[in-house]
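1. pasted the sequence and its predicted model underneath.
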Amino acid sequence: MSESGEPIQLVASAITHAVGSPEHDGAKHMLGEAQAGRWAVDEETGTHLRSAISHAHGQLDALNARIELLRRAPKLGNDAYARQVAEHMRAAMDSDAQSLVPVFKALLEGLDNLQQALEVAMRNYDAADEAATQYLGRFKD
């Protein structure tokens, strides 16, 4: 496990960072930490975290089709003012990295990265546990 806190706190932090800022993606950081062997989590904790991540992903997937609609300008009319207002509303949803649509997509990607990080961290824990068992087994006799 990383020095920065408990697994649940790390996951919460990663989700928060995935939403807050693409430059500071906590989920990608956790994946890198797990891949480097600096983060491990036991099966029981991992199972609970996996379930929470899957639940969150399922909830967000249900919204994905509606979020895609926000990429289009609403149909408000054909006059110049209606087109201007419609474009303004569309731009408010999908004009830059801090708009709703890209932030939502980053959150989904962050959850995917968290899921991968968790799987790697669980394998890390199992490998460390196996190594410790083999090492301590030498003293058994």
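-> Looks like it arrived, so ask away.
2. C-terminal to the helix-or-strand element of the chain with minimal mean pLDDT, what's the next element?
-> Every helix and strand in the chain was compared by mean pLDDT, DSSP states H and E; the lowest is helix 7-20, with a mean of 59. For helix 7-20, the succeeding helix or strand toward the C-terminus, using DSSP states H and E, is helix 26-35.
3. tell me how far residue 37 lies from residue 135.
-> Remark: distance between residue 37 and residue 135 (C-beta to C-beta, to the nearest Å) = 17 Å. Any C-beta I mention is one placed from the backbone N, CA and C, and that applies to glycine too.
4. compare these two (neighbour count), which wins?
-> Taking neighbours as other C-beta atoms under 10 Å, residue 37 and residue 135 compare with residue 37 leading, 13 against 9.
5. skipping adjacent residues, who's closest to that one in space?
-> Excluding the flanking residues, the one nearest residue 37 by C-beta to C-beta, 6 or more residues apart in numbering is residue 124, at 5.8 Å.
6. contacting residues around that neighbour?
-> Shown here is residue 124, whose contacts under the criterion C-beta atoms under 8 Å, 6 or more residues apart in numbering are 34, 37, 39, 40, 41.
7. kindly provide the distance from it to residue 69.
-> Computed with C-beta to C-beta, the distance linking residue 124 and residue 69 is 41 Å.
8. report the buried residues of the helix or strand where residue 54 lies.
-> Counting by DSSP H and E, the element that carries residue 54 is helix 43-69. The neighbour-count check on helix 43-69 (16 or more other C-beta atoms under 10 Å) flags 45, 46, 49, 50, 52, 53, 56, 57, 67 as buried.
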